[in-house]
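# quick one: sequence and predicted model below, then my questions.
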Amino acid sequence: MKILYIDPIFGISGDMMISALIDAGVPFAELEALIAKIPGQVPAVRPVRLTQGIINGIHLEMDPSDRHFTIDEMEEVIDGIDVEKAVKGDAMGMFSMIVAAESKVHEVSRDKLHLHELSNIDTIVDILCVAYGVRYFNIEKVFCGPVPCGSGTIRTSHGSIPNPPPVTLEILGDRKIVIYEEALELTTPTGAAIVAYYTKNGAGVPAFRILSRGHGVGTYASSRPDVLRIFIGESDGPFYDEEVWVIETDLDDMEMEYMGVVASRIRDAGALDVLFFPVLMKKGRMGIRLSVTTDPGGLERIVELIFAETTTFGMRFHRDLRRVLERREDTLSTSCGPVRVKKGFDRGGDLVKTHIEFDDVRAIADAKNLPYREILEIVRNEIKKV
């Protein structure tokens, strides 16, 4: 399986990622042809070979441009460009993360949001070229080391703001970061979106054979090399998306009628999965085994909740590996009304399965006083035609 490992030695940005991809083997002529497909005047881009210490790599130079776009215009450019559908999908995925984070940080709706620096054409060039480069190598899995961020404050169109910027932190979510004592924006929102879109926090890097490597080189003068390093590799796995914790406890003195609501509370607290099932305990007593799966960040919260809500005096823990399909949810119009449909996609972006939301089917069936099965069959047949 082809993998990409991102080693953000001094942070990550869109242009640094493009530079590293070029150095690893993506033909610049193909990226140049892609950029030329962006409608209107596009600034010239040039790869220049630079050295940082003993590291030799590519630095991407782009002519200045004051061309800016609204969010809708940027989406129209991405959606309308003549390139492989998967590339457009990846670019749109990264852009959506940026928009969602900006909207949340500024507490304004999408239709009132202005992206300021990120509205520049640079953002479109960055995410399209990165998406193209990753697909060029037929990458099936992406991993990334802890993401370096600067400290202090930086100047933006909003004035002086804390470093790392709130938007960058929002995009990175619970991914591991490391703070350097550098008053520089080491990781940009676009760089954060690359990491957040392609990788999952907690997924360990498997052993791999290096097929090629690339260095994106910056121009900052620091005690650390201003370099982003990537490896294109091949690995036999095993592959998984993330590490999780499984918590188990056996109960033989708890009122069973409470188990359902306790399980619901644990799910509401962020557990990934909650199961309970009968087991035969000592002295022939029937009991219940509670099994909870959670991400590492939620472990302590879930443990405290189980202690509070159940009669247990102790629990067992073990780490496990989890692999999941990429999930998306669409609301489809049917003759019965709007219905949410969950879709599962494999690593190549191909649709594997769909699941019709039961709550929507139930609400429609209850409102029409019809059997659930009848509404489900109607919705299922109509979705097949979409």
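Now that the structure is in, tell me what you want to look at.
# what's the offset of the helix or strand harbouring Ile161 from the middle of its chain?
Per DSSP states H and E, Ile161 falls inside strand 159-162. Relative to its parent chain, strand 159-162 has a centroid offset of 26 Å by C-alpha atoms, centre = their mean, to the nearest Å.
# partner strands of that strand, parallel or antiparallel?
Applying DSSP bridges to the sheet, strand 159-162 is found paired with strand 153-156 (antiparallel).
# for the record, mean pLDDT for the strand it pairs with?
For strand 153-156, the mean per-residue pLDDT is 80.
# the longest helix in this protein is where?
In the chain, taking DSSP state H as the definition, the longest helix is helix 85-106.
# re the thing from before, kindly export the next helix or strand along the chain from the strand holding Ile161 (C-alpha atoms) in PDB.
Using DSSP H and E, the helix or strand that follows strand 159-162 towards the C-terminus is helix 166-172. What follows is helix 166-172, C-alpha atoms only, in PDB (Å, rounded to 0.1, in the frame of the first residue of the first chain):
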ATOM      1  CA  PRO A 166      -7.300  30.400  16.600                       C
ATOM      2  CA  VAL A 167      -8.400  29.300  13.200                       C
ATOM      3  CA  THR A 168      -5.300  27.000  12.800                       C
ATOM      4  CA  LEU A 169      -6.000  25.500  16.200                       C
ATOM      5  CA  GLU A 170      -9.700  25.000  15.400                       C
ATOM      6  CA  ILE A 171      -8.800  23.100  12.100                       C
ATOM      7  CA  LEU A 172      -6.200  20.900  13.800                       C
END
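# which other helices and strands does the helix or strand that helix 166-172 is followed by contact?
Note on helix 166-172: by DSSP H and E, the next helix or strand toward the C-terminus is strand 177-179. When contacts are defined as 3 or more C-beta pairs under 8 Å, 6 or more residues apart in numbering; DSSP states H and E, strand 177-179 sits against strand 147-149. For every residue, glycine as well, the C-beta is placed using N, CA and C.
# for the strand it packs on, which strands pair with it and how are they oriented?
Strand 147-149 has the following strand partners under DSSP bridges: strand 177-179 (parallel).
# not counting whichever helix or strand comes after the strand it pairs with itself, show me its contacts.
Once the chain leaves strand 177-179, the next helix or strand it forms, by DSSP H and E, is helix 189-198. Identification of contacts with helix 189-198 by C-beta atoms under 8 Å, 6 or more residues apart in numbering yields 4, 6, 8, 11-14, 16-17, 90, 93-95, 97-98, 101-102, 118, 123, 126-127, 130, 134, 142, 144, 147, 165, 167-168, 171-173, 175.
# and the residue nearest to Thr311 when sequence neighbours are not counted, what pLDDT?
Nearest non-adjacent residue to Thr311, counting by C-beta to C-beta, 6 or more residues apart in numbering: Met254, 4.6 Å away. We note a pLDDT of 88 for Met254 in this prediction.
# repeat that for the one 4 residues further on.
The per-residue pLDDT reported for Tyr258 equals 90.
# now the one 10 residues further on
The predicted local confidence for Asp268 comes out at a pLDDT of 94.
# phi, psi of it?
According to degrees, to the nearest 10, the main-chain angles of Asp268 amount to phi -60, psi -20.
# so how many other residues sit close to Lys85?
Lys85 has 8 neighbouring residues, counting by other C-beta atoms under 10 Å.
# and if you look at Asp250?
As a burial measure, Asp250 scores 16 neighbours (other C-beta under 10 Å).
# what's the helix or strand where it lies in contact with?
For Asp250, the host element (DSSP H and E) is strand 242-251. Applying C-beta under 8 Å, 6+ apart, the contact partners of strand 242-251 are 200-204, 272, 279, 281, 287-296, 299, 302-303, 306, 310-312, 314-322.
# just give the nearest non-adjacent residue to Pro39, would you?
The nearest residue in space to Pro39 (C-beta to C-beta, 6+ apart) is Val77, at 6.7 Å.
# any buried residues in whichever strand or helix holds that neighbour, and which?
Using DSSP H and E, Val77 falls within helix 71-80. Across helix 71-80, burial judged by 16 or more other C-beta atoms under 10 Å covers 71, 74-75, 77-78.
# dump the strand holding Ile161 to PDB, keeping only the CA atoms.
Output in PDB follows, covering the C-alpha atoms of strand 159-162 (Å, rounded to 0.1, in the frame of the first residue of the first chain):
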ATOM      1  CA  GLY A 159      -4.500  43.100  13.900                       C
ATOM      2  CA  SER A 160      -2.200  41.400  16.400                       C
ATOM      3  CA  ILE A 161      -3.500  37.900  17.300                       C
ATOM      4  CA  PRO A 162      -2.200  35.100  19.500                       C
END
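# got the contact list for that strand?
153-154.
# hmm, try it at 10 Å
Residues outside strand 159-162 that contact it (C-beta atoms under 10 Å, 6 or more residues apart in numbering): 151-155, 167, 169, 185.
# for Ile230, grab the count of nearby residues.
For Ile230, the count of nearby residues is 28 (other C-beta under 10 Å).
# now Val87
Using other C-beta under 10 Å, Val87 has 23 other residues around it.
# how about the contacts made by it?
Going by C-beta under 10 Å, 6+ apart, Val87 touches 34, 78, 81, 127-136, 349.
# list the contacts for Gly133?
4, 17-18, 20-22, 24-27, 30-31, 34, 87, 139, 214, 230.
# change it to 6 Å
Residues near Gly133 by C-beta atoms under 6 Å, 6 or more residues apart in numbering: 21, 26.
# how about the CA coordinates for the helix or strand it falls within, as PDB?
Element membership of Gly133 [criterion: DSSP H and E] is helix 121-136. What follows is helix 121-136, C-alpha atoms only, in PDB (Å, rounded to 0.1, in the frame of the first residue of the first chain):
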ATOM      1  CA  ILE A 121      -6.000  33.100  -5.100                       C
ATOM      2  CA  ASP A 122      -3.000  31.500  -3.300                       C
ATOM      3  CA  THR A 123      -5.400  29.400  -1.300                       C
ATOM      4  CA  ILE A 124      -7.000  27.900  -4.500                       C
ATOM      5  CA  VAL A 125      -3.600  27.200  -6.000                       C
ATOM      6  CA  ASP A 126      -2.400  25.600  -2.800                       C
ATOM      7  CA  ILE A 127      -5.300  23.200  -2.200                       C
ATOM      8  CA  LEU A 128      -5.700  22.200  -5.800                       C
ATOM      9  CA  CYS A 129      -2.000  21.500  -6.300                       C
ATOM     10  CA  VAL A 130      -1.700  19.600  -3.000                       C
ATOM     11  CA  ALA A 131      -4.700  17.500  -3.900                       C
ATOM     12  CA  TYR A 132      -3.200  16.800  -7.300                       C
ATOM     13  CA  GLY A 133       0.100  15.900  -5.900                       C
ATOM     14  CA  VAL A 134      -1.300  13.400  -3.400                       C
ATOM     15  CA  ARG A 135      -3.300  11.700  -6.100                       C
ATOM     16  CA  TYR A 136      -0.400  11.700  -8.500                       C
END
